[in-house]
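[1] Quick one: sequence and predicted model below, then my questions.
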Amino acid sequence: MDNVKELLQNVYSISNSWKRFLDKRSESFNIFEALYMETEEARLHNPLLAELLNSNGIHGKKSVFLRHFIELLDLKSLTSFDYENATVESEKWIGFIDSDTSEGGRIDVFIVDNKNQIIVENKIYA
């Protein structure tokens, strides 16, 4: 019983230390939570992600974010990708949902250049 009590005290101490560490670095701040939009996938998360990945986005960073994103995906099949002319669309409609085939609906983020397509399914809390 003493071992369990000691273990729980250690977990509590580590948890408190970690919280203080995060609070000092402001890493526990979540802007989506502050705006009460932490689960607003279609209205906030997808459009924001699409805007960041857009080489012509208002962020003014050209293709920097898209390049990093594709590098992170490590897609060997993308031998050449036209970053500058790629288009990015949020909530791309692909037809009415067919309950028999599960086809149709919306693609969260759709990225396409002259010969490649990248489909992003965004899942919060996944």
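    Everything's here; your move. Numbers count the residues shown, from 1 in each chain.
[2] Now for residue 112, how many residues are close by?
    16 (other CB atoms under 10 Å). Every C-beta, even on glycine, is put in place using the N, C-alpha and C of the backbone.
[3] just residue 72 next, same as before
    Around residue 72 there are 8 residues (other CB under 10 Å).
[4] do the same with the one 10 residues further on
    The burial count assigned to residue 82 is 13, neighbours taken as other CB under 10 Å.
[5] again, but for residue 100
    Neighbours of residue 100 using other CB under 10 Å come to 5.
[6] pLDDT score for it?
    Predicted confidence (pLDDT) for residue 100: 92.
[7] tell me the SS of it?
    Assigned by DSSP: H, G, I helix; E, B strand; the rest coil, the conformation of residue 100 is coil.
[8] likewise residue 58?
    Three-state assignment for residue 58 (three-state DSSP): coil.
[9] Need the three-state assignment for the closest residue to it other than its chain neighbours.
    Once flanking residues are discounted, residue 58 sits nearest to residue 51: 7.0 Å by CB to CB, 6 or more residues apart in numbering. Classification of residue 51 by three-state DSSP places it in helix.
[10] Confirm for me that residue 51 is in contact with residue 61.
    No - if you go by CB atoms under 8 Å, residue 51 and residue 61 don't touch, sitting 11.0 Å apart.
[11] ok, those two, which is more surrounded?
    Neighbour totals were compared for residue 51 and residue 61, and residue 51 leads with 16 against 13 (other CB under 10 Å).
[12] ok, back up a step: distance-wise, check the residue nearest to residue 58 relative to residue 70.
    16 Å (CB to CB, to the nearest Å).
[13] Then residue 87?
    For residue 87, the distance to residue 70 - CB to CB - is 14 Å.
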